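A.B. asks: Fold the following for me, if possible:
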Amino acid sequence: MHRYILFLILIISAGGVGAQTPQSLLLTMEEAMVKARRGSVDAEVALNRLRSAYWGYRSYRAELLPEVDFTATVPSYRKQYSSYMNGEGNYSFVRNNYLQMNGEVSLTQNIWLTGGTVALTTSLDFYRQLGGGSYNRFMSIPVAVTLTQPVFGVNHIKWDRRIEPVRYEEAKAEFLSATEDVASSALRLYFTLLMARENHSIATQNVSQAEKLYEVAKEKREMGRISRNDLLQMELNLLDAQTSLTDCESSLKSAMFQLRTFLGFDSDVEIVPEIPVSTPDVGINYSDALDRALANNSFAKTMLRKRLEADYEVAKAKGAQREVNLFAQIGYTGTDRDFSGSYSNLKDNQVVEIGVSIPLVDWGRRKGKVKVAESNRRLVESQVRQENQNFSQNLFILVERYGNQRSQLERARRADEIAAQRYATNVETYLVGKISTLDLNDSRVKKDEARREYVNELYLFWNYYYQIRSLTLWDYEHDCGIEADIEAIVKN
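C.D. replies: Next up is the predicted model:
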């Protein structure tokens with residue numbers, strides 16, 4: 001008997017350990033936003049985009065610095081027949097058997113001003129003839145300076161120096177705006193859950209109230225104080241309330257799942273949102289918001305980058321109409337059978353080449369490319385002006401809505417209080433038989449609508465506020481810019 005009881009206790013204990021009970025987590029709106037900025041998938045996507053832009057900018061910066069390269073062939077062995085032309089112009093095949101090695105160290109620097117490159121090199125070549133009559137041969141170039149310079153072509157380095165910093169600043173501003181957008185997404189899901197819980201709470205209260213009123217109505221019907229129609233109406237109200245509660249439970253679970261997944265919580269966490277009590281008491285002026293948006297938002301930087309890229313395409317098309325390239329090399333070279341001898345009795349080593357490519361007849365193809373590039377630039381200018389107008393207009397509307405939303409919110413808060421008090425009074429009045437069922441239902445509907453409207457107006461207030469924050473990248477509560485340590489974030 002004791003063993004049987006002990007066995008049952010163990011089974012019950014094991015079942016209790018294995019079961020997962022929901023963990024209630026009281027979460028404020030600010031905490032949800034902080035969690036979203038740090039751990040959501042959307043935040044990770046924004047961070048990866050920033051990292052890509054950061055390393056792209058680092059690569060551009062590296063191209064402006066000197067580059068040291070070492071190239072070598074160690075070794076190259078050949079034992080084969082090769083064609084040979086003698087002095088009379090006749091060809092024959094001769095047997096070759098040799099070993100060759102070479103190495104070169106170069107220091108290359110792009111010339112920012114002209115778009116060319118200058119290189120300082122040193123190299124050594126070794127040749128050993130194998131077989132009968134074998135011998136060694138060395139050729140050295142202790143130092144050589146090489147200049148490669150396009151004369152009329154576009155200076156890519158100059159344009160990169162103008163475009164790439166703007167592109168990186170654009171990426172940083174996009175990251176900050178994306179972080180604010182993540183917070184706005186968390187805000188939307190947070191208030192969706194908050195509204196779902198309010199609807200569930202309303203539905204639960206309505207079911208409880210409808211059950212009580214139905215019981216009272218049955219008693220009144222037995223006493224003949226109300227008609228059968230009123231009794232049926234109260235029963236219908238109860239059924240409607242129960243149906244609404246079932247729907248609200250489903251909506252609550254869906255909203256809970258969405259926010260929990262977005263914030264990265266475990267499935268056994270039950271988030272309990274709180275209605276934000278206080279709101280920031282800050283006024284936002286349109287002209288001030290526009291100045292901050294143009295200074296901080298990625299929009300202005302994107303517009304500047306598009307203009308620069310359009311100008312760059314025009315410069316490339318014009319530079320491709322004719323090509324003149326200069327190649328010049330000066331230095332010293334020596335050759336000998338010994339290694340040390342190849343660095344003695346050095347001779348001048350000079351090479352100058354000027355390559356020219358000028359189209360004589362291309363049927364206007366290059367000129368057409370220039371016209372296309374110029375037309376695209378004018379198109380970009382028109383699009384930039386249009387986007388600038390749309391941006392300013394959208395910001396103006398947003399600021400106006402934010403300015404009006406505070407009064408809307410105050411009216412919704414007061415309407416919620418009045419509707420709740422009116423319904424409570426009407427319930428008491430109905431119990432003593434002084435108002436009809438229709439009046440009671442009307443006050444209940446108005447109560448529920450007023451509560452939902454208050455939560456919705458509260459969401460709109462915060463939504464407008466954070467949209468303005470995202471566009472201006474300005475924290476109006478603390479009167480400071482929204483910034484981040486990009487280096488630390490990328491390298492973390």
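
A.B. asks: So which residues of the chain form helices?
C.D. replies: Shown for the chain, the helices assigned by DSSP state H span residues 2-18, 29-39, 41-63, 156-222, 228-263, 286-296, 298-319, 365-431, 437-472, 486-491.

A.B. asks: is it possible to export the ones you listed to TSV including mean neighbour count?
C.D. replies: Every C-beta, even on glycine, is put in place using the N, C-alpha and C of the backbone. Converted to TSV, the helices of the chain look like this (neighbours: other C-beta atoms under 10 Å):
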stretch	mean neighbour count
helix 2-18	9
helix 29-39	18
helix 41-63	15
helix 156-222	19
helix 228-263	16
helix 286-296	16
helix 298-319	19
helix 365-431	15
helix 437-472	19
helix 486-491	12
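
A.B. asks: mind checking which of these is nearest Pro75?
C.D. replies: Taking C-beta to C-beta, helix 41-63 is the member of the helices of the chain nearest to Pro75, at 32.3 Å.

A.B. asks: Please list all residues in contact with the closest residue to Ser470 other than its chain neighbours.
C.D. replies: Closest residue to Ser470 apart from its sequence neighbours, by C-beta to C-beta, 6 or more residues apart in numbering: Glu180 at 3.7 Å. Glu180 is in contact with Tyr466, Arg469, Ser470, Leu473, Ile482, counting by C-beta atoms under 8 Å, 6 or more residues apart in numbering.

A.B. asks: quick one on the thing from earlier: would you format the helices of the chain as CSV with distance to Asn97 included?
C.D. replies: Shown next, in CSV, are the helices of the chain (distance: least, C-beta to C-beta, whole Å):
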stretch, distance to Asn97
helix 2-18, 80
helix 29-39, 68
helix 41-63, 44
helix 156-222, 46
helix 228-263, 72
helix 286-296, 71
helix 298-319, 49
helix 365-431, 51
helix 437-472, 74
helix 486-491, 55
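
A.B. asks: Including mean pLDDT and distance to Thr114, could those go into a markdown table?
C.D. replies: Formatted as a markdown table, the helices of the chain follow (pLDDT from 0 to 100; distance: least, C-beta to C-beta, whole Å):
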| stretch | mean pLDDT | distance to Thr114 |
| --- | --- | --- |
| helix 2-18 | 38 | 75 |
| helix 29-39 | 90 | 46 |
| helix 41-63 | 91 | 15 |
| helix 156-222 | 90 | 9 |
| helix 228-263 | 90 | 53 |
| helix 286-296 | 93 | 34 |
| helix 298-319 | 91 | 13 |
| helix 365-431 | 91 | 22 |
| helix 437-472 | 89 | 41 |
| helix 486-491 | 83 | 32 |
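
A.B. asks: which ones are touching Phe126?
C.D. replies: Shown in contact with Phe126 (C-beta under 8 Å, 6+ apart): Gln100, Met101, Asn102, Asn136, Arg137, Phe138.

A.B. asks: quick one: which of those residues is nearest Ile435?
C.D. replies: Asn102 (105.2 Å).

A.B. asks: And the nearest residue to that closest one once chain neighbours are set aside, how far from Arg161?
C.D. replies: Using C-beta to C-beta, 6+ apart and skipping residues adjacent in sequence, the residue nearest Asn102 is Asp125, 4.3 Å away. Distance of Asp125 to Arg161, given as C-beta to C-beta, to the nearest Å: 38 Å.

A.B. asks: before we move on, what about Ser267?
C.D. replies: Distance from Ser267 to Arg161, counting by C-beta to C-beta: 52 Å.

A.B. asks: Kindly report the same for Gln383.
C.D. replies: Using C-beta to C-beta, Gln383 is found at 25 Å from Arg161.

A.B. asks: before we move on, what about Gln467?
C.D. replies: Counting by C-beta to C-beta - Gln467 and Arg161 are separated by 35 Å.

A.B. asks: With Leu25 instead?
C.D. replies: Per C-beta to C-beta, Leu25 is found 51 Å from Arg161.
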